[in-house]
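Colleague: I need the structure of the sequence given here:
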Amino acid sequence: MSEELLPQDELKLYEHHTFVVDAGQTPVRLDQYLAQRLTHLSRSRLQLAITVGLITVNGQSARPSTKVRPHQVIQVRLPYPPPLDITPEPIPLQIVYEDPYLLVVNKPAGMSCHPGAGVYSGTLLNALMHHLKQQPLPATEQNAARPGLVHRIDKDTTGLLVVAKEERAYFGLAQQFFAHSVRRRYWALVWGSPQQEKGTVTAWIGRDPRQRKKYRAYPEGSQGKHAVTHWRVLERFPLATWVECQLETGRTHQIRVHLAYLGHPLVGDKTYGGDRPRIPVRSALIGQWAHKLLAYLPRQALHAYLLGFTHPITGQWLEFEAPLPADFAQALAFLRSLTPTSSQAQ
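Modeller: Below you'll find the predicted structure:
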């Protein structure tokens, strides 16, 4: 038996295990086989994970009673948070939708999704714990810090997130994110004017070897993880362009890295070069416009405006939209005021 565990900095919200069954393994139930190896997980949770498709055998879905055979490859992908306590805090939340199983929240700029290095309060999970009156959110036994989160957006990105309130929803939503069946679309404001009206960026994303807190694109796939972003122009302005982005994969900083790779970083994105004008400043007036735009949007101009998924309990397709936040809307209004002939895509 061999096991492969992915690097910790790539896991974030999930643990991944790959088991190759020994040649001498006698037939045994899949849930029993895994319970003997993943001792931090109860058998009932393993059974649930198998049932919703988070555990596969030779790339295929299985049943808890499936017999494990020699040389089979068993892949385990389970959502989990690190072992930190979450303190409920009375932070206002914009709840877009809520039922007994899950909720959808519109996250503001400046709020981290979860506690982490140097961040111990003021996060989305602190607010959620208060909202749910400390009702236990689903998580595995070993980990209890980011319960309910199956995806996240950056601290200074605004927009929609789905949060599970019970375990079946937690695992069911996680499976959809792994299968890339969740519909996610973003609005972004980028410096300059892309030559085309729409396009697709296919470039692997991995950590920048010189700055570990940054990521970079590897177009030849030499490092990192496969990542695909589709984009289209919504409206062009003298300084910047409003675009829509659709994620095919969900890597850390994916849209920010891919658009910077195209030469059009997000307005206000300090990490990827968007905190200064990325256009030829041919006059003092153009420079003034650019700096005023940054005053309207001192953060990265990215908003997760659309989120769609299948309800993990009812099977109903749900889709939600969040309007532009005030700072993004003000930035667009300012850009439109610069010229009466901004180009709006049809």
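
Colleague: just checking: what are the partner strands of the helix or strand containing R77?
Modeller: Following DSSP states H and E, one finds R77 within strand 73-79. Paired neighbours of strand 73-79 in the sheet (DSSP bridges): strand 14-20 (antiparallel), strand 55-57 (antiparallel).

Colleague: and it, which residues are buried?
Modeller: 74, 76-79 (16 or more other C-beta atoms under 10 Å). Heads up, the C-betas are built off the backbone N, CA and C, glycines and all.

Colleague: kindly report the same for stretch 303-320.
Modeller: 303-312.

Colleague: so which of those is the closest to E166?
Modeller: When the buried residues of stretch 303-320 are compared for distance to E166 (C-beta to C-beta), P312 wins out at 9.6 Å.

Colleague: is it true that the closest one touches R168?
Modeller: Yes: with contact defined as C-beta atoms under 8 Å, P312 counts as touching R168 (6.4 Å).

Colleague: what do these two both touch?
Modeller: Here P312 and R168 share the contacting residues 52, 101, scored by C-beta atoms under 8 Å, 6 or more residues apart in numbering.

Colleague: any idea how far P27 is from the nearest residue to A169 once chain neighbours are set aside?
Modeller: Nearest non-adjacent residue to A169, counting by C-beta to C-beta, 6 or more residues apart in numbering: Y101, 4.2 Å away. Applying C-beta to C-beta, to the nearest Å, the value for Y101 to P27 is 36 Å.

Colleague: same question, L294
Modeller: Distance from L294 to P27, by C-beta to C-beta: 64 Å.

Colleague: more neighbours: which of those two?
Modeller: The residue with more neighbours, out of L294 and P27, is L294; 18 against 10, by other C-beta atoms under 10 Å.

Colleague: contacts only, for the more buried one.
Modeller: 267-268, 275-276.

Colleague: show me where the stretch 101-250 of the chain has strands.
Modeller: Along the stretch 101-250 of the chain, counting by DSSP state E, counting those that start in this stretch, strands occupy 102-107, 158-164, 183-191, 198-202, 204-207, 215-218, 228-236, 240-247.

Colleague: got phi/psi on F328?
Modeller: When read as degrees, to the nearest 10, the backbone of F328 gives phi -70, psi -40.

Colleague: report the contact partners of it.
Modeller: By C-beta under 8 Å, 6+ apart, F328 lies in contact with 158, 187, 189, 297, 301, 303.

Colleague: pretty sure the fourth one contacts L332?
Modeller: No: using C-beta under 8 Å, L297 is not in contact with L332, being 9.5 Å away.

Colleague: neighbour count: these two, which is higher?
Modeller: Between L297 and L332, counted using other C-beta under 10 Å, the more crowded position is L297 (25 against 21).

Colleague: any idea how far that one is from G122?
Modeller: L297 is 21 Å from G122, by C-beta to C-beta.

Colleague: likewise for K214?
Modeller: Taking C-beta to C-beta, one finds K214 at 24 Å from G122.

Colleague: helices of the stretch 1-150 of the chain, residue ranges please.
Modeller: Along the stretch 1-150 of the chain, the segments classed as helices by DSSP state H, counting those that start in this stretch run 8-11, 30-35, 43-52, 124-131.

Colleague: flag the shaky bits of this protein, pLDDT-wise.
Modeller: The chain contains residues with pLDDT under 70 at 1-13, 80-84, 134-147, 280-282, 340-346.

Colleague: walk me through the domains of it.
Modeller: Using automatic domain parsing, the domain parsing of the chain gives 2-79, 95-179, 184-344.

Colleague: quick one: contacts for the residue nearest to A169?
Modeller: 164-166, 168-169, 311-313.

Colleague: and of the contacts of L294, the nearest to L93?
Modeller: For these, the nearest to L93 is G268 (24.1 Å; C-beta to C-beta).

Colleague: let me know whether the closest one touches A295 as I believe.
Modeller: No: proximity of G268 to A295 does not meet the contact threshold set by C-beta under 8 Å, at 9.9 Å.

Colleague: give me the more crowded residue out of the two.
Modeller: Between G268 and A295, counting by other C-beta under 10 Å, G268 is the more crowded of the two (25 against 13).

Colleague: report the contact partners of that one.
Modeller: By C-beta under 8 Å, 6+ apart, the neighbours of G268 are 274-275, 294, 297-301.

Colleague: same check on A127?
Modeller: 89-93, 111.

Colleague: cutoff 7 Å now
Modeller: 89, 91, 93 (C-beta atoms under 7 Å, 6 or more residues apart in numbering).

Colleague: and T87, by the same measure?
Modeller: Contacts of T87 (C-beta under 7 Å, 6+ apart): 121, 126.

Colleague: can you rerun that using 6 Å?
Modeller: Residues in contact with T87 (C-beta atoms under 6 Å, 6 or more residues apart in numbering): none are found.

Colleague: is it possible to export the buried residues of strand 73-79 to CSV including distance to S42?
Modeller: Below are the buried residues of strand 73-79 laid out as CSV (distance: C-beta to C-beta, whole Å):
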residue, distance to S42
I74, 18
V76, 14
R77, 17
L78, 12
P79, 15
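
Colleague: ok, so of these, who is nearest G224?
Modeller: Nearest to G224 out of the buried residues of strand 73-79 is R77 (C-beta to C-beta; 18.5 Å).
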